[in-house]
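K.L.:
next one to model:
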Amino acid sequence: MLISEFDFHLPEELIAQEPLASRSASRMLFLRQDGRLEDRRFIEFASLLKPSDLIVLNNSRVFPARLYGRRAGLRAQPVSARNPAAGSFLRGQVEVLLTRQSGPWEWQALVRPGRKIATGEIIYFGTDHELQAEITGRGSFGERTLRFQPVPDFFAAVERLGHVPLPPYIARQDNPEDRQRYQTVYAQKEATGSVAAPTAGLHFTPEILSQVRERGVEIAEITLHVGLGTFQPVRVEKIEDHKMHREPFSISPEAAEKINRALREKRRVVAIGTTTVRTLEYAARQGELTAGDIPQVRAGSGENDIFIYPGFQFRVVGALLTNFHLPKSTLLMLVSAFAGRENILRAYEHAVKERYRFFSYGDCMLIEGKP
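P.N.:
Predicted coordinates:
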């Protein structure tokens, strides 16, 4: 399939730049199994669930992964009359976006200005050099490998020094409110590790979760740390040639048991967000089918690089809550695989016409799986 088959017109003013005053005030486009579209509100979400449903949440917590530092200048060109800019560059700011932890003190990151910062360079963060990292390598996706000097509490230092890594289509600097709003209410501190929010979950409030439970719906939590793939565009013409970044995930034995019990009992599994879909479908492919050809999700942790596009056979997910996604993105391909490309593009055309708000701080869409 061609990347051009997943394009649509999106007026720039529909890209949400700020969250709504209330998380649950978002609009929700409901795409039913038969293709019908209904304009709803997210506050109706619980009422659209079946009491037998199991909803699965991604409880990963976003950390302020954007750091601003200054380079030591160990690998800079010498200052000279022929190179007058080198002196100011030595004192210039360096932006680092941590994308994935690859070792105890090692991270993959995007660095700007990356081309001018060579392997071996040292970057200091904080006025007292609270954090210090050496660039030790280059990755195949334009990433850099950073090795940090050990400190007593790395994440505590990042929390003090870092900025919320808002997506590039939000054309503003982060503010203190983003620390709370670009985070789900069910994110767990022990599940810290995402550089982008699992945005479908941003609509939930404690009250909505209570409504879900009161309806008799069971809830399970899994973890997938959202990484660079969220920001990485598809740069190939044929989507089959695209390679996904690996992202760490974890499924507890308790969550696996809930999910497998629902599958055995032929109850619907409702995934909250595309990160949850990718985790469940990946894990189902690591296990074996039961005697009745019922899929099983295996408990454990690992790295997920599954790429879901039309033609994919879903084994676990029966319904999906998701935000609206970028044109030509892997997330748009995933929802197209779930509901059909024509249905999704028709739904997006309707959403544009009805002035829905798009992307991370935007409105959402509830999609029923195929019969």
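
K.L.:
A helix includes I135, no?
P.N.:
No: counting by DSSP: H, G, I helix; E, B strand; the rest coil, I135 is not part of a helix but strand.

K.L.:
what is the burial count for it?
P.N.:
24 (other Cβ atoms under 10 Å). Using the backbone N, CA and C atoms, a C-beta is placed for each residue, glycine as well.

K.L.:
wait, doesn't it sit right on K116?
P.N.:
No: using Cβ atoms under 8 Å, I135 makes no contact with K116, being 11.4 Å away.

K.L.:
check the most centrally placed residue in the chain and give its pLDDT.
P.N.:
For the chain, the residue nearest the mean C-alpha position is V226 (4.1 Å; Cα atoms, centre = their mean). The per-residue pLDDT reported for V226 equals 94.

K.L.:
give the contact list for it.
P.N.:
Contact criterion Cβ atoms under 8 Å, 6 or more residues apart in numbering gives S60, V62, S194, V195, A196, A197, P198, E247, T275 as the residues in contact with V226.

K.L.:
one more time with 6 Å
P.N.:
Neighbour list for V226: S194, A196, T275 [criterion: Cβ atoms under 6 Å, 6 or more residues apart in numbering].

K.L.:
ranges for the helices of the stretch 1-150 of the chain?
P.N.:
Counting by DSSP state H, counting those that start in this stretch, the stretch 1-150 of the chain has helices at residues 85-90.

K.L.:
show me the shaky parts of it.
P.N.:
Applying pLDDT under 70 to the stretch 1-150 of the chain flags residues 74-92, 140-141.

K.L.:
strands of that one, residue ranges please.
P.N.:
27-31, 37-41, 54-58, 61-62, 66-71, 93-101, 106-112, 122-125, 131-138, 144-148 (DSSP state E, counting those that start in this stretch).

K.L.:
possible to save these as CSV with distance to P176?
P.N.:
Formatted as CSV, the strands of the stretch 1-150 of the chain follow (distance: least, Cβ to Cβ, whole Å):
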stretch, distance to P176
strand 27-31, 26
strand 37-41, 28
strand 54-58, 24
strand 61-62, 15
strand 66-71, 14
strand 93-101, 20
strand 106-112, 23
strand 122-125, 20
strand 131-138, 21
strand 144-148, 25
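
K.L.:
quick one: closest of those strands to E177.
P.N.:
Taking Cβ to Cβ, strand 61-62 is the member of the strands of the stretch 1-150 of the chain nearest to E177, at 13.8 Å.

K.L.:
note down every partner strand of the closest one and its orientation.
P.N.:
strand 192-194 (parallel) (DSSP bridges).

K.L.:
how big is the angle separating the helix or strand just after the partner strand from strand 54-58?
P.N.:
On the C-terminal side of strand 192-194, the closest following helix or strand by DSSP states H and E is helix 206-214. In terms of direction (axes from the mean of the first three to the mean of the last three Cα atoms, to 10 degrees), helix 206-214 departs from strand 54-58 by 150 degrees.

K.L.:
what's next to helix 206-214, contact-wise?
P.N.:
Applying Cβ under 6 Å, 6+ apart, the contact partners of helix 206-214 are S24, A46.

K.L.:
which neighbouring elements make contact with the next helix or strand after that helix?
P.N.:
Going down the chain from helix 206-214, the next helix or strand is strand 218-224, by DSSP H and E. On a contact count with 3 or more Cβ pairs under 6 Å, 6 or more residues apart in numbering; DSSP states H and E, strand 218-224 meets strand 54-58, strand 247-251, helix 253-264, helix 274-284.

K.L.:
centre of the chain to strand 218-224, how far?
P.N.:
Offset of strand 218-224 from its chain centre (Cα atoms, centre = their mean, to the nearest Å): 15 Å.

K.L.:
cool, and stretch 229-238?
P.N.:
14 Å.

K.L.:
can you give me the first-to-last residue distance of that stretch?
P.N.:
Taking Cα to Cα, to the nearest Å as the measure, stretch 229-238 stretches 17 Å from start to finish.

K.L.:
in stretch 36-51, what's buried?
P.N.:
For stretch 36-51, the neighbour count (16 or more other Cβ atoms under 10 Å) marks L37, R40, F42, I43, F45, A46, L48, L49 as buried.

K.L.:
about what we covered before: nearest to A16, of the helices and strands packed on strand 218-224?
P.N.:
helix 274-284 (17.5 Å).
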